[in-house]
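Asks: Okay, structure incoming, though there's no sequence with it:
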């Protein structure tokens, strides 16, 4: 099964580095059939990275996210983003559907709670704990990279 993992965030902005840090862990391993895409933010061009994939995962840090993280399925959503330079995952999926004329692959979001996003800040102590929990969850996801397993994980995460 072909999987694309998007990790977004700015390592210069404290806890916004959570996505890139999770990506660095993935890059240090050899995952067959896994395409890794890292950027400061999602853009319309990222829809093209979904080509040929059976499953997608978007990783980001969030403010107000329940600790240590949330994991949920997402779907294409129509709407007008404020900017074409920064899109939520649902908008990237919608761009794919619009340009390819077909549904995107099943997609999930791993949003890790961040506390301090200040410019030039280090990762907060709380974010370090959340990162460890997210790394363990990500390992579980990658051990079973299929939508059915991930839907079960998402359901379990909301009832925990």
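Replies: Now that the structure is in, tell me what you want to look at. Since the model is a prediction, treat every value here as computed from it, not as a measurement.
Asks: Roughly how far does residue 154 sit from residue 130?
Replies: Counting by CB to CB, to the nearest Å, the separation of residue 154 from residue 130 is 18 Å. Every residue, glycine included, has its C-beta placed from N, CA and C.
Asks: out of these two, which sits in the more crowded spot?
Replies: Each of residue 154 and residue 130 has its neighbours counted (other CB atoms under 10 Å); residue 130 has more, 23 against 19.
Asks: Roughly how far does residue 109 sit from residue 65?
Replies: 10 Å.
Asks: of these two, who's got more company?
Replies: Neighbours per residue (other CB under 10 Å) separate residue 109 from residue 65, with residue 109 holding more: 21 against 15.
Asks: Doesn't the more buried one lie inside a strand?
Replies: Yes: according to DSSP: H, G, I helix; E, B strand; the rest coil, residue 109 belongs to a strand.
Asks: contacting residues around it?
Replies: 57, 58, 59, 60, 70, 71, 72, 73, 74, 89 (CB atoms under 8 Å, 6 or more residues apart in numbering).
Asks: Give me the buried subset of those.
Replies: 57, 58, 59, 60, 70, 71, 74, 89 (16 or more other CB atoms under 10 Å).
Asks: ok, of these, which one's closest to residue 20?
Replies: Using CB to CB, residue 59 is the member of these that lies nearest residue 20, at 9.0 Å.
Asks: Pop out the phi and psi values for the residue nearest to that closest one when sequence neighbours are not counted.
Replies: Nearest residue to residue 59, sequence neighbours excluded (CB to CB, 6 or more residues apart in numbering): residue 7, at 4.3 Å. According to degrees, to the nearest 10, the main-chain angles of residue 7 amount to phi -130, psi 130.
Asks: Quick check: bridge partners of residue 7?
Replies: residue 38, residue 59 (DSSP bridges).
Asks: That one contacts residue 40, doesn't it?
Replies: No: using CB atoms under 8 Å, residue 7 is not in contact with residue 40; the gap is 10.4 Å.
Asks: helices or strands next to the helix or strand that contains residue 92 in the packing?
Replies: Assigned by DSSP states H and E, residue 92 belongs to helix 89-100. Counting contacts by 3 or more CB pairs under 8 Å, 6 or more residues apart in numbering; DSSP states H and E, helix 89-100 is packed against strand 55-62, strand 69-74, strand 107-113.
Asks: ok, back up a step: so which of the contacts of residue 109 comes closest to residue 25?
Replies: residue 59 (10.6 Å).
Asks: What distance do you get for that closest one to residue 101?
Replies: From residue 59 to residue 101 the distance is 28 Å (CB to CB).
Asks: Good, we can wrap up now.
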